[in-house]
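A.B. asks: Attaching a predicted model along with its sequence, questions to come.
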Amino acid sequence: MRASAGSDVVDADVMDPKLKSILEEDERADEGYIFCAACSHVIGHVNDRFEVNGSFEHRFVNPYGFEHHFGCHREAHGCAITGGPQAADSWFPGFRWRLADCGGCGVHMGWLFERDDAHFFGLILHRIQAG
């Protein structure tokens, strides 16, 4: 079940306070939001999609041989960020990465890429669904 404004589904103990505030103000909370495909936790909004290096979608292979297909988002307030920033094996030169997991169920959603003056999220496309 998806979280919606005024619904008992929105768990104040789990949800990011900024995201909770946005949902409470929005009368059409399901419209345009993206959700975790595993648990339907609100991750962010489709309006936060943007291009990095000329593309929204990217495919990269990590050092272990796993291919990841993800889309770039300015924000993903429904993600829990874990680990310290890592420069090694970054797919975007100058950016450090950290893991971004679903704030609801903990499934790996992608990565937060950050540098001193900018950040963005790479969200694995088969792990999200649009509302």
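C.D. replies: Nice, thanks for sending it over.

A.B. asks: any chance you could map the helices in this structure?
C.D. replies: Using DSSP state H, the helices of the chain run over 17-25.

A.B. asks: where does it have low pLDDT?
C.D. replies: Where the chain drops to pLDDT under 70, the residues are 1-16, 18-30.

A.B. asks: same thing but 90
C.D. replies: Along the chain, the model assigns pLDDT under 90 to residues 1-31, 62-63, 131.

A.B. asks: Which residue lies nearest the spatial centre of it?
C.D. replies: The centroid of the chain falls nearest to Ala76 when counting by CA atoms, centre = their mean (3.8 Å).

A.B. asks: Cys102 is in contact with that residue, correct?
C.D. replies: No: using CB atoms under 8 Å, Ala76 makes no contact with Cys102, being 9.7 Å away. From N, CA and C alone the C-beta is placed, and that goes for glycine too.

A.B. asks: what residues are shared contacts of these two?
C.D. replies: Taking CB atoms under 8 Å, 6 or more residues apart in numbering as the contact criterion, the residues that touch both Ala76 and Cys102 are Ile43, Met109.

A.B. asks: how far away is Cys79 from Pro93?
C.D. replies: As for Cys79, its distance to Pro93 is 23 Å (criterion: CB to CB, to the nearest Å).

A.B. asks: Also Met109?
C.D. replies: Relative to Pro93, Met109 is positioned 23 Å away (criterion: CB to CB).
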